[in-house]
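here are the coordinates; sequence isn't available:
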């Protein structure tokens with residue numbers, strides 16, 4: 001945690017909040033500076049993919065840290081016992097790196113680092129409220145809408161994934177190979193379920209709905225900001241199958257976070273989505289006839305649309321009662337916090 005203190009101090013500093021040359025708080029790079037001679041303003045190019053690049057860098061850092069640590073431990077153990085040579089150590093290390101146990105450990109390290117970094121970023125830069133007043137943030141109808149969205153988004157994304165896999169079977173082969181390499185084709189451990197259902201939603205919501213969408217809202221209308229963060233969310237998964245359905249899910253998560261005025265709504269939906277996909281995936285009926293396939297597809301559409309309507313109705317009731325403590329992002333003027 002001590003390594004994060006300079007980052008926290010920088011985010012709180014005047015340098016970070018200064019709207020002059022670098023505009024770091026808007027994630028801008030300066031390609032050209034025209035100077036005062038022509039009385040022209042400094043032109044900037046918005047770079048919204050910095051959070052994506054940062055979280056990918058954290059992934060690599062966590063992976064290589066875990067690999068180096070495991071190799072160091074094995075080398076130390078074998079040097080003490082003298083029971084194996086160098087090639088045996090390397091073989092054992094490669095065997096460990098392809099196991100689900102190792103991938104779970106990497107996920108834990110990566111999620112912890114990402115939640116710390118982007119949690120601080122979201123809190124310091126955008127005033128993220130991690131302890132919201134329940135009566136001023138949540139409404140029973142909004143929660144009911146989130147629950148309805150869980151099966152709706154699962155059915156729609158699963159059908160989209162199946163349709164894409166039918167059109168491009170080599171994409172599905174690559175996806176299955178990725179799962180096998182990561183050790184996720186076997187029975188998933190409880191710790192992996194915890195990572196997927198709890199830590200991953202917190203991490204990804206902070207990165208994409210917490211930081212990226214807030215950032216994009218400064219210069220773009222909500223629909224464009226939502227489209228952009230969903231696209232980056234799909235790219236983040238680094239394979240076409242997951243990327244396409246993650247993009248679709250990201251659009252819904254962005255709307256929920258924006259309309260609800262709280263990142264906790266998108267975190268809750270993301271948790272339920274991952275829980276259904278990880279634990280209850282075998283319970284999803286799809287049918288093996290044309291009629292059943294059409295029925296469940298329409299069921300997914302109905303639950304998604306109905307969930308969005310119920311959710312929006314709950315938020316409107318919350319705001320009409322004057323209890324809402326958070327203004328939806330769509331109501332925040334461009335260039336303000």
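Cool, got the structure. Computed from a predicted structure; not experimentally measured.

the residue nearest to residue 252 when sequence neighbours are not counted: neighbouring residues, count only.
The spatially closest residue to residue 252, leaving aside those adjacent along the chain, is residue 153, at 5.8 Å (Cβ to Cβ, 6 or more residues apart in numbering). In this view, the C-beta of every residue, glycine as well, is placed from N, C-alpha and C. Each residue near residue 153 was counted by other Cβ atoms under 10 Å, and the total is 26.

host element of residue 153?
Remark: residue 153 resides in helix 140-167, with elements defined by DSSP states H and E.

just the buried positions in that helix, please.
Across helix 140-167, burial judged by 16 or more other Cβ atoms under 10 Å covers 141-142, 144-161, 164-165.

which strands or helices does that helix pack on?
Counting contacts by 3 or more Cβ pairs under 8 Å, 6 or more residues apart in numbering; DSSP states H and E, the secondary-structure elements packed against helix 140-167 are helix 169-181, helix 240-260, helix 263-278, helix 290-320.

what about those helices, which gets the closest to residue 53?
Closest to residue 53 of these is helix 240-260 (Cβ to Cβ; 16.5 Å).

now the closest one against helix 290-320, angle please.
30 degrees (axes from the mean of the first three to the mean of the last three Cα atoms, to 10 degrees).

I'd like the mean pLDDT over helix 240-260, please.
When pLDDT is averaged over helix 240-260, the result is 92.

tell me what that helix is packed against?
In terms of contact count using 3+ Cβ pairs under 8 Å, 6+ apart, helix 240-260 is assigned the packing partners helix 140-167, helix 169-181, helix 213-217, helix 222-236, helix 263-278, helix 290-320.

gap between the residue nearest to residue 252 and residue 312?
Between residue 153 and residue 312 the distance, using Cβ to Cβ, to the nearest Å, works out to 16 Å.

same check, this time on residue 292
Summarising the geometry, the distance separating residue 292 from residue 312, computed by Cβ to Cβ, is 30 Å.

repeat that for residue 126.
Taking Cβ to Cβ, one finds residue 126 at 23 Å from residue 312.

one step back: save the helices and strands packed on helix 240-260 as JSON lines, and put in mean pLDDT too.
Formatted as JSON lines, the entries for the helices and strands packed on helix 240-260 read as follows, by pLDDT from 0 to 100:
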{"stretch": "helix 140-167", "mean pLDDT": "90"}
{"stretch": "helix 169-181", "mean pLDDT": "77"}
{"stretch": "helix 213-217", "mean pLDDT": "89"}
{"stretch": "helix 222-236", "mean pLDDT": "93"}
{"stretch": "helix 263-278", "mean pLDDT": "92"}
{"stretch": "helix 290-320", "mean pLDDT": "89"}
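
what about residue 242, how many residues nearby?
Residue 242 is surrounded by 19 other residues when neighbours are defined as other Cβ under 10 Å.

quick one: contacts for residue 201?
267, 270, 271, 274 (Cβ atoms under 8 Å, 6 or more residues apart in numbering).

can you list those in JSON lines and add distance to residue 216 and neighbour count?
Formatted as JSON lines, the entries for these read as follows, by distance: Cβ to Cβ, whole Å; neighbours: other Cβ atoms under 10 Å:
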{"residue": "267", "distance to residue 216": "19", "neighbour count": "22"}
{"residue": "270", "distance to residue 216": "19", "neighbour count": "26"}
{"residue": "271", "distance to residue 216": "24", "neighbour count": "19"}
{"residue": "274", "distance to residue 216": "24", "neighbour count": "20"}
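
closest to residue 195 out of these?
Taking Cβ to Cβ as the measure, residue 195 sits nearest to residue 274 out of the contacts of residue 201, at 9.5 Å.

ok, the closest one to residue 188 distance?
In this view, residue 274 and residue 188 are 12 Å apart by Cβ to Cβ.

overlap of the contact sets of those two?
Contact with both residue 274 and residue 188 is made by residues residue 196, according to Cβ under 8 Å, 6+ apart.

can you give me the strands for the stretch 1-150 of the chain?
With DSSP state E, counting those that start in this stretch as the definition, the stretch 1-150 of the chain shows strands at residue ranges 28-32, 43-46.

and those strands, which one averages the lowest pLDDT?
For the strands of the stretch 1-150 of the chain, mean pLDDT drops lowest on strand 28-32, to a mean of 35.
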